[in-house]
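>>> Need a 3D model of the following:
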Amino acid sequence: MKIELHHLNLSSDKVDEMNDFYLKVMKLKTETQGLPILEKTKGYSGNVAFVSDGKIQTHLAEKDLDVCFKTGHSINPLEKGHIAYRTDDLEAFKKHLNELGVNFSDWGKTAVAGWKQIFFYDPDGNVIEVHEVENN
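The predicted structure is shown next:
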């Protein structure tokens, strides 16, 4: 099972201002490759901008405090943001978490078409995402 850093998600009420900041001040570029296809009819329909340093994406997502109520999931990855890792075997990773007694919320394909996602907390309450891209 491989796991690697994929993106950082920053939740904000100022997506356009954040996008301008990361493009102008941090000199990142607008990301156009490998973007998720957002499932805007399944509970989260917020505005999202995508920037990158050429290696790691940053998702600038509109904050949504009610997304858990809308989706029925227990962890809100759009309240304060999250760090996301990509794996090639999400089932093996879920088994690993279960063996360690780490609770997670299985979002399946609720938020992104073609991605299976889980979310859980680190010891300090930061939200971690691990996802797998389905092979077509």
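>>> so what's residue 8 up against?
Taking CB atoms under 8 Å, 6 or more residues apart in numbering as the criterion, residue 8 is in contact with 56, 57, 58, 59, 81, 82, 83, 84. Glycine gets a C-beta too; all of them are placed from N, C-alpha and C.
>>> ok, now residue 121?
Here residue 121 is in contact with 75, 127, 128 (CB under 8 Å, 6+ apart).
>>> Residue 44 too?
38, 64, 67, 70, 71, 78, 111.
>>> again with residue 71
By CB under 8 Å, 6+ apart, the contact set of residue 71 is 42, 43, 44, 107, 110, 111.
>>> any chance of the contacts of residue 44 in a markdown table, with pLDDT, distance to residue 20 and secondary structure too?
Putting these into a markdown table (pLDDT from 0 to 100; distance: CB to CB, whole Å; DSSP: H, G, I helix; E, B strand; the rest coil) gives the following:
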| residue | pLDDT | distance to residue 20 | secondary structure |
| --- | --- | --- | --- |
| 38 | 78 | 21 | strand |
| 64 | 90 | 21 | coil |
| 67 | 90 | 25 | helix |
| 70 | 89 | 28 | helix |
| 71 | 90 | 29 | helix |
| 78 | 89 | 20 | coil |
| 111 | 85 | 25 | coil |
